[in-house]
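K.L.:
quick one: sequence plus predicted model below, questions after.
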Amino acid sequence: MTKVLFHLAVAIIGLAAGAGYAQAQTNAFGQKKNTYNFNKSAADVPDKLPEAVPGRIHLLDGSTLEVPIAYIDYNKIVAVGLTDKTAYTPLDVSSFVMKQDSFVVLKDFKVVVGEDEQEYRIAFVRVGAVGAGLGLYHLKGTMRRDDAVHQGSYATFNGASWGSAGGSYKSNVTEYEMTQAWVLKRDDSPQWVSLPKSGGRLRAIVEPLIADDARLSQEVKWGSLTTEKLPKVLNEYIADKKGARN
C-alpha cells in the first residue's frame, strides 16, 4: 500500500508541477532540450576556490588521499595540498568525505527545477540519507537552457528602421544556471524524484515513505517540513527501522 501511495503522490506532484515529470528531451514549451555528458575534464583548477576543509578522497584506483578539499560542484573537487592543487572529476573518484558530510557518485539521473530539467550522466552528490530502501541526495549542479524562452520587449528591424516588440522570444545563446536540488529514489522504483523545497507537495511525497512509522508520520503531517529538515527525518526513520529489526 505504501508503494502505491508513493507512486500516486509522485504522479500527482508531476501533474501539479507542469513540466516536472515531462520527457527529458522536451521542456515546458514543447521545445527540444539537449542533454549532454557531465564528464568533461576538470584538469583546470579555478583561480578562486571555496574554503577547503579537512577531508578524505577515495580514488577509483583504490588509493585514499587525506587532504583538505574544495568542493566546486557536481563535476569538480580540488585537493588542496601544501604545495599544489589537483582537480578531480566523478570519473576519478568513488566517494569523498568533507568533515561530517559524505559525497558519492551518481549516474544517469534527472533533476527538475521549476520548468527546467536536466539529465546527468555522472555527478558528485552529497548524501542526505541512505537506508530502508531510500536514498536522498543533494546536488549542486548546472541547468542547461539551449531553448530558453524570455518574456519582454525585443528589438525588431523592418528593413528601414529599428523598433521594438513585446511578447516572447528565444535566446540564440546557450544559458547555464547553477542550481541546488534534492533528489530522492526508492530502491523499488526506477524513478528519481526532484523534491519541492517545502509545503504540501513535499509532504505528499514524504508521508507515504514513512507511513509505517507512527511517530514520524505525525511529525511530518502536522509539523513544518522542508528539504533542509528532510535528512534528519529520513535518518530517524532509517534508525527506527534498524532498531525494529534488532
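P.N.:
All right, it came through fine.
K.L.:
domains in this structure, by residue range?
P.N.:
The record's domain split for the chain, according to automatic domain parsing, is 1-17+196-246, 18-195.
K.L.:
mind giving me the packing neighbours of the one helix or strand residue 136 maps to?
P.N.:
Residue 136 belongs to strand 134-145 when assigned by DSSP states H and E. If contacts are counted by 3 or more CB pairs under 8 Å, 6 or more residues apart in numbering; DSSP states H and E, strand 134-145 sits against strand 69-73, strand 101-113, strand 116-131, strand 175-186, helix 230-245. Just so you know, the C-beta spots here come from the backbone N, C-alpha and C atoms, and that holds for glycine as well.
K.L.:
same thing but at 10 Å, please
P.N.:
strand 69-73, strand 101-113, strand 116-131, strand 175-186, helix 199-209, helix 230-245 (3 or more CB pairs under 10 Å, 6 or more residues apart in numbering; DSSP states H and E).
K.L.:
would CSV of these with mean pLDDT be doable?
P.N.:
Output for the helices and strands packed on strand 134-145, formatted as CSV (pLDDT from 0 to 100):
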stretch, mean pLDDT
strand 69-73, 95
strand 101-113, 92
strand 116-131, 92
strand 175-186, 84
helix 199-209, 93
helix 230-245, 91
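K.L.:
with distance to residue 218 and mean neighbour count added, can I get those in a markdown table?
P.N.:
A markdown table is the format used below for these (distance: least, CB to CB, whole Å; neighbours: other CB atoms under 10 Å):
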| stretch | distance to residue 218 | mean neighbour count |
| --- | --- | --- |
| strand 69-73 | 36 | 20 |
| strand 101-113 | 29 | 18 |
| strand 116-131 | 19 | 20 |
| strand 175-186 | 21 | 17 |
| helix 199-209 | 10 | 19 |
| helix 230-245 | 12 | 16 |
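K.L.:
which one, of those, ends up nearest to residue 61?
P.N.:
strand 101-113 (14.4 Å; CB to CB).
K.L.:
that closest one pairs with which strands?
P.N.:
strand 93-98 (antiparallel), strand 116-131 (antiparallel) (DSSP bridges).
K.L.:
give me the below-cutoff pLDDT ranges for the protein.
P.N.:
1-43, 144-176, 245-246 (pLDDT under 70).
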